[in-house]
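Engineer: next come a sequence and a model predicted from it.
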Amino acid sequence: MSNVQMTRGRRAIQLGVKVGAALCVIGLAGCGSSHESQPAGAESTAAVSSKPDITHMSETLVVGRDSFPDVPGGDWRAPYMYEHPESDESAECGPMLNQYVRGEDSMALASLKKDGNKPSFRIDLTLPSEPLPNWHALSEKCRSIGQFELTPRSLDGLPAWAVASDINLDDGQGDKPGLSIAGDYRGLVIYLQAQRQPTGLTDADLAACVKLFNDQVAKLEAAPA
């Protein structure tokens with residue numbers, strides 16, 4: 001096997017959003033926030049930390065149960081390392097669906113899932129082996145990716161460098177709406193997914209999403225240099 005083949009064989013694409021697989025893409029029907037892009041000029045706003053980038057992934061970097069909202073009867077999955085099938089490359093819009101070229105031991109996640117008209121939440125951390133994207137540029141450009149339709153939206157309290165999107169999957173079995181929040185901090189991609197089907201997320205669910213994302217940012221900031 002050539003060195004090129006060995007290198008390509010080690011890289012994996014992270015397929016975090018697979019509605020109908022683990023947990024999500026989520027619904028926003030009936031929510032109060034307007035469906036809008038992030039503020040003008042936000043595309044030039046980048047996350048800034050006084051600490052260097054984090055270069056090794058660990059499940060200890062992921063927020064714990066206290067950062068997730070209270071979902072009675074929810075199935076809590078504590079932070080753990082997770083691997084995905086191998087692939088040679090990700091498409092340009094891949095990061096908007098949490099897809100990256102990455103190596104081994106490069107992804108960790110935690111989730112809280114509940115079936116029926118209850119919210120489910122999941123947060124992923126990824127250390128990609130490809131350049132980090134311009135999130136706001138991708139958010140504006142990548143509105144249709146395969147069966148997924150994405151619409152940028154604004155959420156109060158979200159960092160200016162992060163992007164939120166309504167996501168809808170039309171797989172021929174009815175629409176499956178959802179929400180994602182994406183951005184990178186200290187070299188790691190933070191990707192949040194949430195859903196409440198069939199009615200869609202409530203305003204309280206959206207506020208919980210923002211808190212969860214911000215808690216994850218704070219945990220990365222507090223991590224050792």
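Structural biologist: That came through fine. Numbering: from 1, shown residues only.

Engineer: from here on, contacts and neighbour counts on C-alpha atoms
Structural biologist: Will do.

Engineer: only alpha carbons, please: show the lengthiest strand in the chain as CSV.
Structural biologist: Taking DSSP state E as the criterion, the chain has its longest strand at strand 175-185. Extracted C-alpha coordinates of strand 175-185, given in CSV (Å, rounded to 0.1, in the frame of the first residue of the first chain):
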residue,chain,number,x,y,z
ASP,A,175,-40.3,16.4,6.5
LYS,A,176,-37.9,16.1,9.4
PRO,A,177,-37.1,19.7,10.6
GLY,A,178,-34.2,20.5,12.9
LEU,A,179,-31.7,23.1,14.3
SER,A,180,-28.0,23.2,14.4
ILE,A,181,-25.4,25.6,15.9
ALA,A,182,-21.9,25.5,14.6
GLY,A,183,-18.6,27.3,15.2
ASP,A,184,-15.0,26.6,16.2
TYR,A,185,-13.1,27.6,19.4
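
Engineer: residue closest to the middle of the protein?
Structural biologist: What sits nearest the mean C-alpha location of the chain, by Cα atoms, centre = their mean, is Tyr191, with 1.9 Å.

Engineer: helix or strand with the lowest mean pLDDT in this protein?
Structural biologist: The weakest-scoring helix or strand in the chain, judged by mean pLDDT, DSSP states H and E, is strand 12-13 (a mean of 33).

Engineer: elements contacting the helix or strand following that strand?
Structural biologist: Next in sequence after strand 12-13, counting helices and strands by DSSP states H and E, comes strand 75-81. Strand 75-81 is packed against strand 107-113, with contacts defined by 3 or more Cα pairs under 8 Å, 6 or more residues apart in numbering; DSSP states H and E.

Engineer: what lines up beside the strand it packs on in the sheet?
Structural biologist: Applying DSSP bridges to the sheet, strand 107-113 is found paired with strand 75-81 (antiparallel), strand 119-126 (antiparallel).

Engineer: nearest to His56, out of these?
Structural biologist: For those, distance to His56 was read as Cα to Cα. The smallest value, 10.0 Å, belongs to strand 119-126.

Engineer: tell me the angle the closest one makes with strand 175-185.
Structural biologist: Compare the direction of strand 119-126 with that of strand 175-185 by axes from the mean of the first three to the mean of the last three Cα atoms, to 10 degrees and you get 40 degrees.

Engineer: for strand 119-126, which outside residues touch it?
Structural biologist: Residues from elsewhere that reach strand 119-126, judged by Cα atoms under 8 Å, 6 or more residues apart in numbering: 16, 23-24, 57, 62, 68, 71, 74, 106-114, 188-197, 201, 205, 209, 213.

Engineer: can you rerun that using 6 Å?
Structural biologist: For strand 119-126, contacts defined as Cα atoms under 6 Å, 6 or more residues apart in numbering pick out 106-114, 188-196.
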